[in-house]
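*Asks:* please find the sequence and the predicted model below.
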Amino acid sequence: MQMNLYPFQFEPILKERIWGGTKLKNYLNKPITSEITGESWELSTVPSDVSVVKNGLFKGKNLNELIDLYPEEMLGKTVFARFGKQFPLLFKYLDAREDLSIQLHPNDELAKARHNSFGKTEMWYVMQADENARLIVGFKEDSSREEYLHHIENKKLISLLNEVPVKKGDVFFLETGTIHAIGAGIVIAEIQQTSDVTYRIYDWDRVDANGNERELHTELALDAINYKTTFAKKEYKTTENKSTSLVDCPYFKTNIFPLNGELLIEKTSDSFMVFMCTEGSFELFLNNEKYAYQTGDTVLIPAIYTSFLLRGKANLLEITI
């Protein structure tokens, strides 16, 4: 059984967005065909958007089918015990040519009750940022439901929110309830719970090609918002060929390491491991096979494999549960 499994890559699920652009092709080699591609879903089991294997023996099978065949071998003992056959995370690359809508996500309890979904705790790793690019993350000062509604009604919400200048390599951890928006001119790697539940609260008064504004979720958002200030930016220092923790939360653990040369990776069989290659290229050696990856690639290592070799020069995000 173990010999059937191998490092998996999946066909990117490309999403056109009103705010999208062309950087997913220019920077990350994605096969986009439009000028407004905003997202590449790299690993997903969101219903109707389930990732399909692009390499090897299982090419054409989807991620749910793999997990159904080999649940513990794919997910890991601990992950399978906790989530059953549900793949609990969603991995994306995003290109914001324009500002995204200002939004937030509900917690597990609200999301379960309202949408029969997980909540959406997420993190961002900034892969590229134009000069003067910024994010919106939380409130400048502690706010309240009443103050928030007053500013929404008077189209002054922005004056309450915290705008943060960003550069390549910045990391943000966004707990549920945090108001946020990715600003124009940024490419991001995003790791999140498996959820597509978003409460959009302001969209810059944009309209689509037919003159329609996108739906806002003002009422739904009221009980979901964290009105306190939040400290979302994560400070860290990297060391070559050493793994450094960026985020360690109940839903995922993300490390970063600059690979330069050759490195043996050893892990437990408790969880799968995912690599997102944010820069450079590398090779992975497993069971006498060699697999090659470049910037923008995402690879899923089944939990059953506890030792493998990496070689190359690359900046990698390493994600487990």
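*Replies:* Thanks, I have it.
*Asks:* domains for the chain, by residue range?
*Replies:* Using automatic domain parsing, the domain parsing of the chain gives 2-234, 244-320.
*Asks:* can you redo those domains as a markdown table with mean pLDDT and mean neighbour count?
*Replies:* All C-beta spots, glycine's among them, are computed from the backbone N, C-alpha and C. Below are those laid out as a markdown table (pLDDT from 0 to 100; neighbours: other CB atoms under 10 Å):
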| stretch | mean pLDDT | mean neighbour count |
| --- | --- | --- |
| domain 2-234 | 94 | 18 |
| domain 244-320 | 97 | 18 |
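*Asks:* does anything pack onto the strand or helix carrying Val137? Which helices or strands?
*Replies:* Per DSSP states H and E: Val137 is located in strand 134-139. Contacts defined by 3 or more CB pairs under 8 Å, 6 or more residues apart in numbering; DSSP states H and E place strand 134-139 against strand 161-165, strand 171-174, strand 180-182.
*Asks:* now do 6 Å
*Replies:* On a contact count with 3 or more CB pairs under 6 Å, 6 or more residues apart in numbering; DSSP states H and E, strand 134-139 meets strand 161-165, strand 180-182.
*Asks:* now stretch 90-109, how far from the centre of its chain.
*Replies:* Stretch 90-109 sits 9 Å away from the centroid of its parent chain (CA atoms, centre = their mean, to the nearest Å).
*Asks:* residues contacting Thr295?
*Replies:* Shown in contact with Thr295 (CB atoms under 6 Å, 6 or more residues apart in numbering): 277, 279.
*Asks:* give me the phi and psi for it.
*Replies:* Thr295 has phi and psi values of phi -50, psi 130 when expressed as degrees, to the nearest 10.
*Asks:* could you check how far Val52 is from Met273?
*Replies:* As defined by CB to CB, to the nearest Å, Val52 lies at a distance of 20 Å from Met273.
*Asks:* show the backbone phi and psi for the closest residue to Glu262 other than its chain neighbours.
*Replies:* Excluding its sequence neighbours, the residue lying closest to Glu262 (CB to CB, 6 or more residues apart in numbering) is Arg311, at 4.7 Å. For Arg311, the backbone dihedrals are phi -150, psi 130 (criterion: degrees, to the nearest 10).
*Asks:* separation between Arg311 and Asn260?
*Replies:* Applying CB to CB, the value for Arg311 to Asn260 is 10 Å.
*Asks:* next up, phi/psi of Val247, please.
*Replies:* Dihedral pair for Val247: phi -140, psi 130, per degrees, to the nearest 10.
*Asks:* for it, give me its contacts.
*Replies:* With contacts defined as CB under 6 Å, 6+ apart, Val247 is in contact with 123, 173, 254.
*Asks:* and the first one, bridged to which residues?
*Replies:* In this structure, Met123 bridges to Phe173, Ile191 when assessed by DSSP bridges.
*Asks:* need the contact list for it.
*Replies:* Shown in contact with Met123 (CB under 6 Å, 6+ apart): 173, 191, 247.
*Asks:* quick one on the thing from earlier: of the contacts of Val247, which is the nearest to Ser144?
*Replies:* Distances from Ser144 to the contacts of Val247, taken as CB to CB, are shortest for Phe173 (23.9 Å).
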